[in-house]
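Asks: Following is a predicted model, sequence given first.
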Amino acid sequence: MATKGEITKERLITEAARIIRRKGFTGTSVSDLIAATGIKKGSLYFHFSGKDELGLAVLGRSRDWFMEFFESSLTGDTPGECLSNFFDAVVSIHSKSGFVGGCIFGNTALEMSDGDERYAAFVDRFFAEMATKLEGFIAAAQDSGQVRADLPADTLALYIVMTLEGGIMLARLRKDEKPLRLCFDTLKVFLQLD
């Protein structure tokens, strides 16, 4: 059973993630966090040395959540089907959110990469990890003839990550799934995915 302190810390991370997805890191104030959680300022600083430490904890939690989502959505009878199902799951999850918030990692890359090396390094590692996981599915799809084999699997994986982030950004901007659907439909043509 979780202690009161663990519950408080968890609530801070959860609420901070919700607010940061909408307002960004710099747009989220300590006052926003206190208002959203009802937790006293001293309690926040007991659990985190400051907003930056809390922000990095939010990224860590978001990474864990995304990797669970990634594993559960990259399923199917063939590697190519796994990729298609992942694409569909990304559209579905962003549709359910009403295209509010976008991708916390893409948002962070745009907002923080020039100002804070810790955030930039975290997001860079996340995107590399995502590309590496995709690379395995792409290589298997190439071996089975489901995806083009004239480009290396690592190049195609990175291309998917870059295209995905752009699609999410435009879908968020327009509050519409069409850009994201177009992104994935075009990726399937580019990959020559059966």
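Replies: Looks like it arrived, so ask away.
Asks: Now do the domain split for the chain, please.
Replies: Here the domain assignment for the chain is 1-56, 74-191, based on automatic domain parsing.
Asks: Of the ones you listed, which stretch is the most buried?
Replies: Of the domains of the chain, the one with the most neighbours on average (mean count of other CB atoms under 10 Å) is domain 74-191, at a mean of 17. (Glycine included, C-beta is placed from N, CA and C.)
Asks: Quick check: end-to-end length of that one?
Replies: Using CA to CA, to the nearest Å, the span of domain 74-191 from its first residue to its last is 16 Å.
Asks: three-state assignment of Thr75?
Replies: coil (DSSP: H, G, I helix; E, B strand; the rest coil).
Asks: isn't it right next to Ser84, touching?
Replies: No: if you go by CB atoms under 8 Å, Thr75 and Ser84 don't touch, sitting 10.5 Å apart.
Asks: Please name the residues that touch Lys51.
Replies: Residues touching Lys51, when contacts are defined by CB atoms under 8 Å, 6 or more residues apart in numbering, comprise Phe25, Thr28, Val30, Leu33.
Asks: and the residues you listed as JSON lines, adding distance to Ala171, secondary structure and pLDDT?
Replies: Rendered in JSON lines, the data for these read as follows (distance: CB to CB, whole Å; DSSP: H, G, I helix; E, B strand; the rest coil; pLDDT from 0 to 100):
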{"residue": "Phe25", "distance to Ala171": "21", "secondary structure": "coil", "pLDDT": "91"}
{"residue": "Thr28", "distance to Ala171": "22", "secondary structure": "coil", "pLDDT": "92"}
{"residue": "Val30", "distance to Ala171": "31", "secondary structure": "helix", "pLDDT": "90"}
{"residue": "Leu33", "distance to Ala171": "27", "secondary structure": "helix", "pLDDT": "90"}
